[in-house]
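Visitor: give the three-dimensional model of this entry:
(2 chains)
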Amino acid sequence: MTKKFSQEHEWIELEDGIATVGITDYAQQSLGDIVYVELPEVGKKLTKDGDAAVVESVKAASDVYAPLDGEIVEINEELDANPALVNEAPETDGWFFKMSLTDESQLDELMDEAAYKDFVEGL
Amino acid sequence: MSDHQTELLKTALHDLHLELGAKMVPFAGYDMPVQYPLGVKGEHLHTRAKAGLFDVSHMGQVRLTGENRVAELEKLVPGDIAILKAGRTRYSTFTNDDGTILDDLMITNAGDSLFLVINAACKDDDIVHMRANLGDGVALEEIDDRALMALQGPEAANVLARFAPDVADLKFMSFAELDIAGIPCFVTRSGYTGEDGYEISVPNSGAEELARKLLGEDEVEAIGLGARDSLRLEAGLCLYGNDIDTTTTPVEGDLNWIINKRRRAEGGFKGADVILDQLENGADRKRVGIKPEGKAPAREHTSILNSDGEEIGEITSGGFGPTVDGPIAMGYVAIEFSEPGTKVDLMVRGKARPAEIVELPFAQHRYFRG
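Guide: Residues are numbered from 1 along each chain as shown, chains lettered A, B, ... in the order given. Predicted coordinates:
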């Protein structure tokens, strides 16, 4: 299983050709209490760096961008009833959506865990 | 954050904010705490449950003295200041010649003077406006050696009375000069949360000492600007620059209550012709509460549509209310859609989402009226 990270603070975990996507612990901490997550519909085609989801804290709405090209195959329905899951377990139960990938080689452009850690420390 | 922004101003509590782990943001030229480690939602709920301490020292404090101070100030605000007894406070607005709002403010009759609290972002313009328009027999003093903090919440009175027993008897919108923990303060029983509480003007030299004493009490947490905004929105209180500004009149802003019978009869304030006409004949639009039906918050500048899909107004403040536990908003709609219960749609990210016009506030006020 490969876990990668984007500069937009998403994590991407690839398993059997399907990527699970969420926001990182760093992202949830800087957003604060998450009160609403708007997820894309299953079947929606995503373009890398295009709009994918919206996450809202008490203060503001923030866009979540697609880290890769592909198509939504599943969304985390739990987040509708319990958006705070993103604060509590951002990199496990608080996942946003799963997508099939158009081009798995796009993963190579993303950071691994060590590189993301350095990236965040440099912010 | 931009490297070439001008140097931000710091309040007397700046070091304390950093020590408490606040996340600081630029606000109206000041480096201010937007939240502490407790977080916006936690701070909001704590204030409604117990007591929160807010640094609002960025706001302007002004003293007017001189024998004509009341009559001259009445030329700039539509409120009745002459009727205000010593030790009483009133909310009002500075209006323009076209009847729109330059700022909103608190006016206290401090006996020998009028004590004003004005918005941070407007204070320089307000002072220019007052200096230009207040006639002879009034002296304006900008008070820049005092901090301002607010202690708000159901436990605020219990906490503050430990340091100054007399504050317990002070009624909502009343003022007293008294020592708190030996520090000479101006105290009004007022605030911006809908809760009981106080705003405390304290010399800069004693501000940190007083803040530390109050934060040392079990009931009190430090609260940032983030929760200040969600608390005031739930309380249905206007944020200048969002909900009222130089495009809105007090009548459109649903602030008719700030203009009493005498001022309606006599006029004599800037923009009176426009405002009195709107009081008589109604305005075309009105500020209202808006409750989105789903869970998605609708933020400022969201379009409000009628059932035919026509735009009838715009949200001016919108977000999530932690006490309401859902999205809340206020904004302006055409007058025929302003009745509570009216169904509207909000255009959020290209989708029309159902909402309803509701009475304000979203969270009931709990002021101490004695």
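Visitor: would residue B:149 count as being in a strand?
Guide: Yes. The assignment for residue B:149 is a strand, going by DSSP: H, G, I helix; E, B strand; the rest coil.
Visitor: what's around it, how many residues?
Guide: Counted with other C-beta atoms under 10 Å in any protein chain shown, the neighbours of residue B:149 add up to 23. Heads up, the C-betas are built off the backbone N, CA and C, glycines and all.
Visitor: does stretch B:10-27 reach chain A?
Guide: No. Stretch B:10-27 stays clear of chain A (C-beta under 8 Å from any C-beta of the partner chain), getting no nearer than 8.6 Å.
Visitor: name the element the residue sitting nearest the centre point of chain A belongs to?
Guide: Centroid check for chain A by C-alpha atoms, centre = their mean gives residue A:22 as the closest residue, at 2.7 Å. Element membership of residue A:22 [criterion: DSSP states H and E] is strand A:18-23.
Visitor: state the next helix or strand along the chain beyond that strand.
Guide: Downstream of strand A:18-23 (by DSSP H and E), the next one is helix A:25-31.
Visitor: average model confidence for that following helix?
Guide: Mean pLDDT, computed over helix A:25-31, is 94.
Visitor: ditto for stretch B:137-152
Guide: 98.
Visitor: list the buried residues in that stretch.
Guide: B:138, B:140, B:143, B:146-152 (16 or more other C-beta atoms under 10 Å in any protein chain shown).
Visitor: how is chain B partitioned into domains?
Guide: Here the domain parsing of chain B from automatic domain parsing is B:1-283, B:284-370.
Visitor: would you turn those domains into TSV with distance to residue A:85?
Guide: Output for these, formatted as TSV (distance: least, C-beta to C-beta, whole Å):
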stretch	distance to residue A:85
domain B:1-283	15
domain B:284-370	14
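Visitor: burial count for the residue nearest to the residue nearest to the centre of chain A when sequence neighbours are not counted?
Guide: The spatial neighbour of residue A:22 that comes closest, neighbours along the chain excluded (C-beta to C-beta, 6 or more residues apart in numbering or on different chains), is residue A:95 at 4.2 Å. By the criterion of other C-beta under 10 Å, residue A:95 has 22 neighbours.
Visitor: please tell me I have it right and residue A:95 contacts residue A:74.
Guide: No. The criterion here is C-beta atoms under 8 Å, and residue A:95 misses it with residue A:74 at 9.5 Å.
Visitor: how about residue B:202, what does it touch?
Guide: Taking C-beta atoms under 8 Å, 6 or more residues apart in numbering or on different chains, we find residue B:202 in contact with B:146-149, B:180, B:183, B:185, B:210.
Visitor: run the last query once more with 10 Å
Guide: Residue B:202 sits next to B:12, B:57, B:146-149, B:180-181, B:183-187, B:208-211 when contact means C-beta atoms under 10 Å, 6 or more residues apart in numbering or on different chains.
Visitor: what subset of those is buried?
Guide: B:12, B:57, B:146-149, B:180-181, B:183, B:185-187, B:208, B:210-211.
Visitor: re the thing from before, quickly run through the sheet partners of the strand holding residue A:22, with directions.
Guide: Note on strand A:18-23: by DSSP bridges, its sheet partners are strand A:10-15 (antiparallel), strand A:97-101 (antiparallel).
Visitor: most tightly packed of those?
Guide: strand A:97-101 (a mean of 21; mean count of other C-beta atoms under 10 Å in any protein chain shown).
Visitor: residues in contact with it: which ones?
Guide: Contacts of strand A:97-101 (C-beta under 10 Å, 6+ apart): A:12-15, A:17-22, A:37, A:39-42, A:44-46, A:52-53, A:64, A:66-76, A:79, A:107.
Visitor: okay, it in PDB with CA atoms only?
Guide: Output of strand A:97-101 as PDB, limited to C-alpha atoms (Å, rounded to 0.1, in the frame of the first residue of the first chain):
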ATOM      1  CA  PHE A  97     -13.700   9.700  -1.100                       C
ATOM      2  CA  LYS A  98     -12.300   6.800  -3.200                       C
ATOM      3  CA  MET A  99     -11.400   7.300  -6.800                       C
ATOM      4  CA  SER A 100     -10.300   5.200  -9.700                       C
ATOM      5  CA  LEU A 101      -7.200   6.600 -11.400                       C
END
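Visitor: excluding its backbone neighbours, what's nearest residue 84?
Guide: Using chain A here. residue A:34 (6.3 Å).
Visitor: correction: the question concerned chain B.
Guide: In space, and not counting its chain neighbours, residue B:84 is closest to residue B:109: 4.5 Å by C-beta to C-beta, 6+ apart.
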